[in-house]
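Undergrad: predicted model follows, preceded by the sequence.
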Amino acid sequence: MGFIRDFIKRKEDEITRESYQAVNQLDKEWNFIVKKDTYLIYENKTHLLNLVKKGNTQTKIPWYLFWDFWLKSKLQSNLKKLSEFEEEITGYNANFVSKKKVQYKDLFKRDNLVLDDDQQTAIITDDKHNLVVAGAGSGKTTTMAMRVVWLLANSSNPEDIVAFTFTEKAAQNMKNRVYEKVGKIEPGLCNKLGEAYIGTIHAYCYRMLQDHFGFGNYEVLDENQEMAFIMRHGWNLGLGHNGSYVKNCGNFLKSINVVYDEMITNEELRNTIKKLVTYKKAYPKSIRNSFRGLRHSLEWPLYKNNRCYAGKIFCMIMPDGTVLPCDRITYTGKLYNAKEIGVKTAFDKMPTVRCNGCSFCGSLEMNYLAQLKFDVLDEIMAVVK
């Protein structure tokens, strides 16, 4: 029986040693985190909870020692400590955020306003990856600005701080707020604010290209430079065929900027049109555009040439009686009024038009009718009825 007693003794020593090693390691690492008084990032939190799990496994008594009450009693304190560690680790961040909201209450005040609880939580939460979703006018810029101040107040290196905005105006607004708040709580940091980057992602990437890849002396075009560029190349885009060239270039630039500002890709536009085609098949009367017209729009922004018959076979008469080939085009020449000289005479005197990019519902279908594609008439009449 001696060998059995030796086996039990070795096993008791092994379990006890591994259990205490696990608890001591956890205690050392946890105390280090607590002393730093910092937010517990997901990676570290997961690591600590895994240590708790490992400790519980190493403290577990094998089934064949179920009768060993001495061993159970000896390990009871370790199991209690592991349970306490798990509870502290799990609730640490919530307690940390609550404590910092009280400690930095002056930081969260702006004039007579106090940032709400969600904004304060977003500022203090210091994990590696934080996603904050907020609607228009909810205080995103203020929250980001105070987040920068928070990082500076907690000894972050200004060179390590990058804050992106969508526009230069928003960037300047954020810089002013950061400077104003830092000047109140940590005046000595104002001299280092220039080391932090607050601006648009375009300007940041441009600087990276200059600093690290030998990018040339190029810069982002402002509104006037954009217009000048379009004016130089507008003839190649077909913007000089009808109406005022300047107005056509301006309208083209506005259209492009709508897509750009909304960050809509060509593929997203085409997918939307495909959905409209599907919806029209299910509910024909809900969409006035014809199937031909919708499919034609899939070619945006380089439409296939669809011959325009505006001013040749059909025209548009405005409420005041003015006769136009198409009301989608700006005209610089003289326009005639059907009330004054009659429809036929006004029609004959209309300026000629040339358009290769029509996607306007109605005009496009009229051109298809002029080409004897009568299926579009059935679709339009179905909606009118």
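TA: Looks like it arrived, so ask away.
Undergrad: and Arg147, how far is that from Phe291?
TA: Using Cβ to Cβ, to the nearest Å, Arg147 is found at 50 Å from Phe291. Just so you know, the C-beta spots here come from the backbone N, C-alpha and C atoms, and that holds for glycine as well.
Undergrad: give me the more crowded residue out of these two.
TA: Arg147 (21 against 16; other Cβ atoms under 10 Å).
Undergrad: contacts for the one helix or strand the more buried one maps to?
TA: Secondary structure from DSSP states H and E places Arg147 in helix 140-153. The contact list for helix 140-153 (Cβ atoms under 8 Å, 6 or more residues apart in numbering) reads 104, 107-108, 110, 115, 119, 122-124, 132, 134, 158, 161, 163, 165, 170, 173-174, 177-178, 181-182, 185-186, 189, 192-193, 196, 198.
Undergrad: can you tell me which of these are in helices?
TA: Taking DSSP state H, the ones among the contacts of helix 140-153 that sit in helices are 119, 122-124, 170, 173-174, 177-178, 181-182, 185.
Undergrad: out of those residues, which one sits closest to Gly321?
TA: Taking Cβ to Cβ as the measure, Gly321 lies nearest Ala170 of those, at 47.6 Å.
Undergrad: can you get me a residue count around the closest one?
TA: 17.
Undergrad: just the buried ones from the ones in helices among the contacts of helix 140-153?
TA: Buried members of the ones in helices among the contacts of helix 140-153, scored by 16 or more other Cβ atoms under 10 Å, are 119, 122-124, 170, 173-174, 177-178, 181-182.
Undergrad: residues contacting Val246?
TA: So Val246 contacts Met231 (Cβ under 8 Å, 6+ apart).
Undergrad: work out the gap between the helix or strand containing Tyr279 and the centre of the chain.
TA: Secondary structure from DSSP H and E places Tyr279 in helix 266-282. With Cα atoms, centre = their mean, to the nearest Å as the basis, helix 266-282 stands 23 Å off its chain's centre.
Undergrad: got it, and stretch 194-206?
TA: Taking Cα atoms, centre = their mean, the mean C-alpha location of stretch 194-206 is offset from the chain mean by 17 Å.
Undergrad: can you give me the end-to-end span of that stretch?
TA: End-to-end distance of stretch 194-206 (Cα to Cα, to the nearest Å): 18 Å.
Undergrad: pull out the buried positions in that stretch.
TA: Result for stretch 194-206 [16+ other Cβ under 10 Å]: buried residues 196-200, 203, 206.
Undergrad: just flag the most distant two among the residues you listed.
TA: Ala196 and Tyr206 (17.5 Å).
Undergrad: domain ranges for the protein?
TA: What automatic domain parsing lists as the domains of the chain is 2-103, 109-127+138-213, 245-384.
Undergrad: how about those domains, which one is nearest Gln225?
TA: It's domain 245-384; of the domains of the chain, that one is closest to Gln225 (Cβ to Cβ) at 11.3 Å.
Undergrad: avg pLDDT for the closest one?
TA: Taken as a whole, domain 245-384 carries a mean pLDDT of 77.
Undergrad: next, format the domains of the chain as JSON lines and append distance to Trp235.
TA: Below are these laid out as JSON lines (distance: least, Cβ to Cβ, whole Å):
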{"stretch": "domain 2-103", "distance to Trp235": "56"}
{"stretch": "domain 109-127+138-213", "distance to Trp235": "28"}
{"stretch": "domain 245-384", "distance to Trp235": "8"}
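Undergrad: tell me which of the ones you listed lies nearest to Met231.
TA: The nearest among the domains of the chain, by Cβ to Cβ, is domain 245-384 at 5.4 Å.
Undergrad: thinking again about what came up before, so which bits of the helix holding Arg147 are buried?
TA: Those buried within helix 140-153 under the rule 16+ other Cβ under 10 Å are 140, 142-153.
Undergrad: now stretch 100-117
TA: Across stretch 100-117, burial judged by 16+ other Cβ under 10 Å covers 100-101, 104, 107-108, 115.
Undergrad: residues in contact with that stretch?
TA: Contacts of stretch 100-117 (Cβ under 8 Å, 6+ apart): 119-121, 123-124, 139, 142-143, 146, 149-150, 153, 177, 181, 185.
Undergrad: and the closest residue to Gly250 other than its chain neighbours, what element?
TA: Closest residue to Gly250 apart from its sequence neighbours, by Cβ to Cβ, 6 or more residues apart in numbering: Met227 at 6.9 Å. Using DSSP H and E, Met227 sits within helix 223-233.
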